[in-house]
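K.L.:
Here is a sequence with its predicted model. Questions after.
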Amino acid sequence: MPFLSVDFLIAASVAVIVFHALPVQWRSGFLLLCSLAFFTLAGPAYLPLVILLTLADFKLASWMAVSGPSRRRGLLWLGLLLNGGVLVFFKFTLLLNGLLAPWLPAWSESLSRLRAGLLVPLGLSYFIFKKFSYLLDCYWGRSQPEKRFSRLLLYVIFFPEITAGPIDRANRLLPQFAASRRFDRLDLSAGCHQILWGLFKKIVIADRLALLTGPVFRQPENFQSQALLAAVLAFSVQIYCDFSGYSDMAIGLGRLFGFRLQLNFDRPYFALTIADFWKRWHVSLSFWLRDYLFLPLSSRVLRCFPQERLLGVRTEVHAYVLAGLATMTACGIWHGAAWTFAAWGLLHGIYLAVGLVTRRSRRRLKKRLGLSRQSALHRSLQRLVTFLLVSLAWIFFASPSLAGAASLFRRLFDPGNWFAGATAGWSAWSHALGGAEFAVVCGSVLCLALVEALQGRIRFGGWLRSRRWPLRWAAYYLFILCLLLFGIFASSKFIYQGF
Amino acid sequence: MGREKIKALIMLLVFMLPLLLLCFGLSRIHEAIVAPERYRIPAGTRVLILGDSRADCALDPERIGRTVNFSSHGESYIQNYYKFRYALENAPSLRTVILPVDLHSFGAFRSQRVFFDLEWQRYIDYLELWSFKKQRLSYLREWAALRFFGFRGQYQPFIDRFVRGLRVRPVSLIDRGFRPRRGLFSSDRGRRNSVYMASRQLEGSDPFSADMVFFFRRMLDLARRNGLDVVLLRSPLTPAYMKVAERLLAIDRYYQRVRGITAGYPRVHFLDKHRLFQKNPALFFFDAQHMNVKGARFLSDSLRRDLLRLGLLD
């Protein structure tokens, strides 16, 4: 059942009403039933697999709690291998197969046969990462093993989150499932606000921009550099609106049930640096990677090199650069078994490494130039540079292959292609949708930018809630009608849904 | 449920009701803008033409005389039946109805195409249709989506109508439903087109679906009750299409069965025009199965002569 469908809307509304009508002790069970039904509708074949894996995690975590250090480590590795094996089998066998085929043709063929026709379970990357975090938190003692299997299963396949996150932590969500929350109308209105805002981002902006960016990334050779640049920048906005739109809807839906899910986006294109960008973009994943991959990796590197300086540079910097590169490449690969994603992750790793290595010299340069860190001009320039760097990296993400990305980069930076007559320029690109559509895109993106710029100062939800009901309702009606009129209702897919 | 929850639920319902009314109103306005009433039946009209795109481009009501062409592309006997009913309610002078009986007319491939259309919702009684169809829930959903949210994503017609002041001209007011297709049939393109169309329409689907037979019978019943003559018209086809069709379907047996269905009904006439333009299809066809302007002129004149011969036209 697609997230953006009338069926889902009706089913979710009924679920929210029934949930609040039920006695507190039945609510978790009801949510589990809903989540199981949602998962089953996407592919019933994998339900036993998910249940068995979660059962294994449940048992392993409870055994870890009563075992000695070495046995605990063994149990942890067993859990990580079990879950990681499933992730690798479903997501990366085809990639590995392609690599190994020249050397091991027979093995490759049998693996292909085994893998052929198998669909990837719904939300695989998301729920496997949740399970990893649960096991690691239990191992490190950050959270206690869950005592009820049904609650752990609910955490793993909680239906607002399963399709594309957020990747909530067990120690954040499990206590909320266990608590008997009071019904709060504020949750309902805040949830509805967030769902509507997410819908605006998705169906008004992202889906409309997709019509503009799709042809460019499929066939960059048909476009001039100006159109390519515009499409690359447009894709940055599209992917943000697509994914954050989904996240808003998921978080809003969670809020309708009374749960506070993890924030996934915090105005990422207002970031001042790439490091800042990763504190604001796909927060649940980037913080997951920081806590469970980057920090353990960098501390391992530091332990390997106990000396203070290495090759004239502090060992700490070496550790962070190496761990950062590895983490970001892993982040790229998490998105899918394709070299384009790995390149995208690696490029971000390089951005972070360069940012780290040049931090002192940049600071000195700023001091010499007399630039104040607080000046609006300086901050705007930082934001612009960060946005451009992030946008360039998206080329790898959006291109169907590395060759396609390389071709797009070549054409983008080819001075002869800026006004090449035979290909489509900015004007042809922007008019591909028609004047009115383009105006709608520009207007809605401006509206989004304005709201996000003011978000730090004004809390729109709170402001609206404090108005009298006629004004509030009129605003809701107007917004919903605008969504209905200006939305695009042909697609029901999200970019991040496939990961 | 506590008082606060009941209050929240009531507030939600109170909020939803005006919203639904607003959406319903906007859907109606949108419908009036983009799909205005296309068929006005002039007083004294004697002949009603129903059918799909083959009829809408091939039968010129002006040439036949006292005729209105209600056919439209992609329509099946389901739409034909409801349009027939609508026409009978609005034109008591009708004496004859012309129905196409082509090789794909009873096929199952169009039987599900009854919703998602602003024009059809004007004629189709969806509530009645549910009683014949399976998947009632999906019918209900689609119907509700069309009735309440038919305007979704359609801001452009509102801007055209209310900001730019543009109006859509109903087709019927121009030419009573006849939509001529300009262009000639090229043999190469035509062959490919024939194979594609014939296989799409005839291959793999049941040539006599229960739905289509049922609604065809209902039209015959309706005609009998109202004392109308029914003319079953076998449309002209290109030799290329026929060649493909002969491979896919036992044509003689197909028409024997059609005659079997109509056997119990009086005043049913069968006109076979499928061989009318076999010698030089390029002059008369637009593609494998649709007439061009010249073909439409000849076919309409031929049909007029037949109707006069049968005494169905003065």
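P.N.:
Happy to help now that I have it.

K.L.:
What are the buried residues along the helix or strand containing A:Asp7?
P.N.:
Here A:Asp7, judged by DSSP states H and E, is contained in helix A:6-21. Within helix A:6-21, the residues scored as buried using 16 or more other CB atoms under 10 Å in any protein chain shown are A:8, A:11-12, A:15-17, A:19-21. For the C-beta atoms, the positions are set from N, CA and C on the backbone; glycine is no exception.

K.L.:
could you pull out the helices for the stretch 151-300 of chain A?
P.N.:
Secondary structure of the stretch 151-300 of chain A (DSSP state H, counting those that start in this stretch): helices at A:159-162, A:170-178, A:185-199, A:207-218, A:225-256, A:274-280, A:283-289, A:295-304.

K.L.:
quick one: which of those is nearest chain B?
P.N.:
helix A:185-199 (5.4 Å; CB to the nearest CB).

K.L.:
residues from the stretch 1-150 of chain B in reach of chain A?
P.N.:
Proximity of the stretch 1-150 of chain B to chain A (CB under 8 Å from any CB of the partner chain) is limited to residues B:1-2, B:4-5, B:8-9, B:15, B:18-19, B:22-23, B:26, B:141, B:145, B:149.

K.L.:
Let's see that with 7 Å instead.
P.N.:
The stretch 1-150 of chain B has residues B:1-2, B:4-5, B:8-9, B:15, B:19, B:22, B:141, B:145, B:149 near chain A, with proximity defined as CB under 7 Å from any CB of the partner chain.

K.L.:
List only buried entries from those.
P.N.:
Among the residues of the stretch 1-150 of chain B next to chain A, those buried by neighbour count (16+ other CB under 10 Å) are B:8, B:19, B:141, B:145, B:149.

K.L.:
related to what we said a few turns ago, please enumerate residues in contact with the helix holding A:Asp7?
P.N.:
A:1-2, A:27, A:30-31, A:34, A:183, A:253, A:256-257, B:1, B:5, B:9, B:141, B:145 (CB atoms under 7 Å, 6 or more residues apart in numbering or on different chains).

K.L.:
just checking, what packs against whichever helix or strand comes after that helix?
P.N.:
Next in sequence after helix A:6-21, counting helices and strands by DSSP H and E, comes helix A:24-42. Packing partners of helix A:24-42 (3 or more CB pairs under 7 Å, 6 or more residues apart in numbering or on different chains; DSSP states H and E): helix A:6-21, helix A:47-65, helix A:149-157, helix A:159-162.

K.L.:
so can I have JSON lines of those helices showing mean pLDDT?
P.N.:
Putting those into JSON lines (pLDDT from 0 to 100) gives the following:
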{"stretch": "helix A:6-21", "mean pLDDT": "87"}
{"stretch": "helix A:47-65", "mean pLDDT": "89"}
{"stretch": "helix A:149-157", "mean pLDDT": "90"}
{"stretch": "helix A:159-162", "mean pLDDT": "86"}
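
K.L.:
Tell me which of the ones you listed sits nearest to A:Arg172.
P.N.:
Comparing the helices and strands packed on helix A:24-42 against A:Arg172 with CB to CB, the closest turns out to be helix A:149-157 (9.7 Å).

K.L.:
Now do the buried residues in that closest one.
P.N.:
Using 16+ other CB under 10 Å as the test for burial, helix A:149-157 gives A:151-157.

K.L.:
Pick out the residue of chain B closest to chain A.
P.N.:
For chain B, CB to the nearest CB, closest residue to chain A: B:Tyr155, 4.3 Å.

K.L.:
nearest to A:Ser380, of the contacts of helix A:6-21?
P.N.:
A:Ser380 has its nearest neighbour among those in A:Leu253, at 35.5 Å by CB to CB.

K.L.:
nearest residue to that closest one other than its sequence neighbours?
P.N.:
Nearest residue to A:Leu253 in three dimensions, chain neighbours excluded: A:Pro160, at 4.1 Å (CB to CB, 6 or more residues apart in numbering or on different chains).

K.L.:
Find me the pLDDT at residue 107, would you?
P.N.:
No chain was given, so I picked chain A. pLDDT, A:Trp107: 67.

K.L.:
oops, I was thinking of chain B
P.N.:
The model's pLDDT for B:Gly107 equals 86.

K.L.:
So what's the residue count around it?
P.N.:
Neighbours of B:Gly107 under the rule other CB atoms under 10 Å in any protein chain shown: 22.
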